[in-house]
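Peer 1: Got a predicted structure here, sequence first:
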Amino acid sequence: MVGISPDRDGNSLRAFLLPHIRLRLPTFWWILPNFLMLGELKYATSHEWIKHEGSVATVGITGHAQGKFKEDAEEFTLDGSVDLHGRSAIRTKSGRWAAGTIILLNQGLATLAFFGIGVNLVLFLTRVIGQNNADAANNVSKWTGTVYIFSLVGAFLSDSYWGRYKTCAVFQVIFVIGLMSLSLSSYLSLIRPKGCGNELVQCGKHSKLEMGMFYLSIYLIALGNGGYQPNIATFGADQFDEEHSKEGPLKVAFFSYFYLALNLGSLFSNTILGYFEDEGMWAIGFLVSAGSAFAALILFLAGTPLYRHFKPSGNPLSRFCQVFVAASRNRKVQMPTGGEELYDMDRKGASTNGRKILYTHGFKFLDRAAFISSRDLEDHKGALDNPWRLCPISQVEEVKCILRLLPIWLCTIIYSVVFTQMASLFVEQGAAMKTTVSNFRIPPASMSSFDILSVAVFIFFYRRVLDPFVGKLKKSDSKGLTELQRMGVGLVIAVLAMVSAGIVECYRLKYAKSLCSHCNDTSSLSILWQIPQYAFIGASEVFMYVGQLEFFNAQTPDGLKSFGSALCMTSISLGNYVSSILVSIVMKISTEYHTTGWIPGNLNKGHLDRFYFLLAALTSLDLIAYIACAKWYKCIQLGEKHDENDEVDSFKV
């Protein structure tokens, strides 16, 4: 756990993004999320009788954290997971919280390492590399976008060939190599003369070789983190058997704790490491990040005997193409009204190693790929051996599942636009407000700590209060809010966040113009009035992003779980791009007729409140579209797992 408090002389840490502003924050801002996470983990991993008695026991990574369900009669897992040697996983010797806790700690350390680089990369480019603000901002945007692109690469390799464990291990090694390379190159060549790189002393020019090593290092970091991120969340969920009555709810809880671990890791980076780097101690900050990533890798490898695995399912792109090609071949045939005469198979070497997907109505044109034509009946063996001519209905249903997910996924992009404002316009708005509170000087960027605190509080509130309460209200189902319902709640709260930000901006302008209508001075309105909008964003994350992780993991076929996690990351990436485009469009339209526009350099002359209200309106429209898509959506229906010992069946309807 990390706490930050002023020293005896009253000195305080400097803001990591606004170095000219002094920061002195109460210790509880940083400690409270840590206690909440530890309390939640202890509650989740304790024995049932401990929960009922209201006691909390100390939980270790092994043994106690795993616990033993008194009612477990099964020796093996029910979801088809295997151990390291490919044998059916034994329930009491693998997975659950013994492995899940290791993965949570791994995620926290890896996130600390990644944001230790990313949070101040733009300052490193300007102070050490010598780039101007525009070039530095563009390079950071390209680098961030590359991270999300590599998430698709990692998901593809994991689902197709390597499996999640190997993919996580390989990309973490690349991540560590990139961090070590950046640390060494910064210390040996980039930070010259010694002591440069702070707000006062700029570093000298660098050779092409030094610049080449720098860019190689940061893009190795992007490759490593991007390939690792979508797989580690899914791999953590793999440790809980969703087919088991008691492990199933733990799998749902895991995603909440996973997102909380991510936030706590970034909290340390944004404060402690941000301070060292802002003071010009870049090599120390980078070395701490490298050490954190190395510790995460060692911890991950140490848990190897405990993990449960799912076998990769082969190239999904070829399976998708086969369905469309086979369907186009049969485009002229007369299809039956029901699911009759559609080919299915249960055999060794089936298209996926996971559970079969049961037939659903919808996307009827794809059913043609599994239609048994008269020509297929005549050439029985040839049809079986040519997947471009005839596909099993389970393979067709894979494609249907992804097509059904896309409208839901598209509706999450606008939310990511709202989320992006926290790191950009919220900070600019805060910089134009009164940042002194009594003897404290609060940098606008540090207000994001209220977002992290809100995430911790609302995860606690949802897991302990709201979810059980809703479950009791739903008499026919003990489960609380579904993933789709939670994502809808997240959109509603996002609207409230934008409305709150807009109202605060209206009052900020009012107080600023009361002093001087054309001045650059900050408003007399306190920056603490931003707390509600940050709290709303944090609450919406718990419902939207955690709901996304659970939804895409549950609704993707067994062979595409990592791809489901990658969809979450690409949503965030596209949200950044859409936000940039939206700001450009708004400024182009609002600056016509020689006006200053909504978001000028001096916010006192603009109307940032209108932009916030515009986002609230767009999110409301997105919510309406989302509700329509959610009502249309059909959940995946899974049957039994393919049995590897099954022989090849004849045509099966």
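Peer 2: Noted; the coordinates are in hand. Remember, predicted model here, so these are calculated numbers, not experimental data.
Peer 1: helix or strand for Leu123, which one?
Peer 2: helix 121-124 (DSSP states H and E).
Peer 1: before we move on, what about Glu210?
Peer 2: Element membership of Glu210 [criterion: DSSP H and E] is helix 208-237.
Peer 1: packing partners for that helix?
Peer 2: For helix 208-237, the packing partners by 3 or more Cβ pairs under 8 Å, 6 or more residues apart in numbering; DSSP states H and E come out as helix 96-118, helix 133-157, helix 164-185, helix 247-268, helix 531-555, helix 561-590. Every residue, glycine included, has its C-beta placed from N, CA and C.
Peer 1: follow-up on the earlier one: could you write out the alpha-carbon coordinates of the helix holding Leu123 in CSV?
Peer 2: Provided in CSV are the C-alpha atoms of helix 121-124 (Å, rounded to 0.1, in the frame of the first residue of the first chain):
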residue,chain,number,x,y,z
LEU,A,121,6.0,10.4,-22.0
VAL,A,122,5.0,13.7,-23.5
LEU,A,123,7.2,15.6,-21.0
PHE,A,124,10.1,13.3,-21.7
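Peer 1: helices or strands next to it in the packing?
Peer 2: helix 133-157, helix 274-278.
Peer 1: could the ones you listed be laid out in a markdown table, adding mean pLDDT?
Peer 2: Shown next, in a markdown table, are the helices and strands packed on helix 121-124 (pLDDT from 0 to 100):
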| stretch | mean pLDDT |
| --- | --- |
| helix 133-157 | 78 |
| helix 274-278 | 75 |
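Peer 1: Under the pLDDT cut-off, which ranges of this structure? List them.
Peer 2: 1-74, 133-134, 137-138, 199, 336-341, 345-354, 375-385, 475-479, 514-520, 639-653 (pLDDT under 70).
Peer 1: In it, which helix is the longest?
Peer 2: helix 483-515 (DSSP state H).
Peer 1: my guess is Leu125 meets Lys142, correct?
Peer 2: No: counting by Cβ atoms under 8 Å, Leu125 sits too far from Lys142 to count as a contact (11.4 Å).
Peer 1: More neighbours: which of these two?
Peer 2: Neighbour count, other Cβ atoms under 10 Å: between Leu125 and Lys142, Leu125 has more, with 22 against 11.
Peer 1: Tabulate the helices and strands packed on helix 208-237 (a markdown table), appending distance to Phe365.
Peer 2: Formatted as a markdown table, the helices and strands packed on helix 208-237 follow (distance: least, Cβ to Cβ, whole Å):
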| stretch | distance to Phe365 |
| --- | --- |
| helix 96-118 | 41 |
| helix 133-157 | 26 |
| helix 164-185 | 33 |
| helix 247-268 | 35 |
| helix 531-555 | 22 |
| helix 561-590 | 23 |
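Peer 1: Looking at these, which is nearest to Val417?
Peer 2: Across the helices and strands packed on helix 208-237, Val417 has its closest neighbour in helix 561-590 (4.6 Å, Cβ to Cβ).
Peer 1: list the buried ones in the closest one?
Peer 2: For helix 561-590, the neighbour count (16 or more other Cβ atoms under 10 Å) marks 561-579, 582-583, 586-587, 590 as buried.
Peer 1: got the buried residues for whichever helix or strand comes after that helix?
Peer 2: Per DSSP H and E, the first helix or strand lying C-terminal to helix 561-590 is helix 608-632. Across helix 608-632, burial judged by 16+ other Cβ under 10 Å covers 608-613, 615-616, 618-620, 622-623, 626, 629-630.
Peer 1: gap between helix 608-632 and the chain center?
Peer 2: With Cα atoms, centre = their mean, to the nearest Å as the basis, helix 608-632 stands 21 Å off its chain's centre.
Peer 1: same check, this time on stretch 556-576
Peer 2: In terms of Cα atoms, centre = their mean, the centre of stretch 556-576 is set 9 Å apart from its chain centre.
Peer 1: Can I get it in CSV, CA atoms only?
Peer 2: Coordinates of each C-alpha in stretch 556-576 appear next as CSV, following Å, rounded to 0.1, in the frame of the first residue of the first chain:
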residue,chain,number,x,y,z
THR,A,556,-17.6,-14.8,-27.2
PRO,A,557,-17.1,-18.5,-28.3
ASP,A,558,-14.6,-20.4,-26.2
GLY,A,559,-12.0,-20.1,-29.0
LEU,A,560,-12.2,-16.3,-29.1
LYS,A,561,-12.1,-15.2,-25.5
SER,A,562,-9.0,-13.0,-25.9
PHE,A,563,-10.6,-11.4,-28.9
GLY,A,564,-13.5,-10.4,-26.7
SER,A,565,-11.1,-8.6,-24.3
ALA,A,566,-9.3,-6.9,-27.2
LEU,A,567,-12.7,-5.5,-28.2
CYS,A,568,-12.7,-3.5,-25.0
MET,A,569,-9.3,-2.0,-25.7
THR,A,570,-10.2,-1.1,-29.3
SER,A,571,-13.3,0.6,-28.0
ILE,A,572,-11.1,2.9,-25.8
SER,A,573,-8.7,3.5,-28.8
LEU,A,574,-11.5,4.5,-31.1
GLY,A,575,-13.0,6.7,-28.4
ASN,A,576,-9.7,8.7,-28.3
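Peer 1: how near is Ile414 to Lys208?
Peer 2: As judged by Cβ to Cβ, to the nearest Å, Ile414 and Lys208 stand 42 Å apart.
Peer 1: More neighbours: which of those two?
Peer 2: Ile414 (26 against 7).
Peer 1: before we move on, back to that, so which of the helices and strands packed on helix 208-237 is nearest Val457?
Peer 2: That would be helix 531-555 among the helices and strands packed on helix 208-237, by Cβ to Cβ, at 7.8 Å.
Peer 1: and the closest one, what does it pack onto?
Peer 2: With contacts defined as 3+ Cβ pairs under 8 Å, 6+ apart, the packing partners of helix 531-555 are helix 208-237, helix 247-268, helix 393-411, helix 413-420, helix 448-461, helix 483-515, helix 561-590.
Peer 1: what about the second one, distance to the chain center?
Peer 2: If I follow you right, that is helix 247-268. The answer for helix 247-268 is 11 Å, by Cα atoms, centre = their mean.
Peer 1: Which positions within that helix qualify as buried?
Peer 2: Buried residues in helix 247-268 (16+ other Cβ under 10 Å): 247, 249-268.
Peer 1: swap in the first one?
Peer 2: For helix 208-237, the neighbour count (16+ other Cβ under 10 Å) marks 210, 213-214, 217-237 as buried.
Peer 1: The longest one too?
Peer 2: Under the neighbour-count criterion of 16+ other Cβ under 10 Å, helix 483-515 has 483-484, 486-491, 493-505, 508-509, 512 buried.
Peer 1: about what we covered before: highest average neighbour count across the helices and strands packed on helix 121-124?
Peer 2: helix 274-278 (a mean of 23; mean count of other Cβ atoms under 10 Å).
Peer 1: which strands and helices sit next to that one?
Peer 2: If contacts are counted by 3+ Cβ pairs under 8 Å, 6+ apart, helix 274-278 sits against helix 121-124, helix 282-302.
Peer 1: Make JSON lines out of those and add distance to Ile531 and mean neighbour count.
Peer 2: Converted to JSON lines, the helices and strands packed on helix 274-278 look like this (distance: least, Cβ to Cβ, whole Å; neighbours: other Cβ atoms under 10 Å):
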{"stretch": "helix 121-124", "distance to Ile531": "26", "mean neighbour count": "22"}
{"stretch": "helix 282-302", "distance to Ile531": "28", "mean neighbour count": "21"}
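Peer 1: picking that back up, show residues contacting the helix holding Leu123.
Peer 2: Helix 121-124 is contacted from outside by Leu17, Ala136, Ala137, Val140, Trp143, Gly197, Ile218, Glu277, Asp278, Trp282, using Cβ atoms under 8 Å, 6 or more residues apart in numbering.
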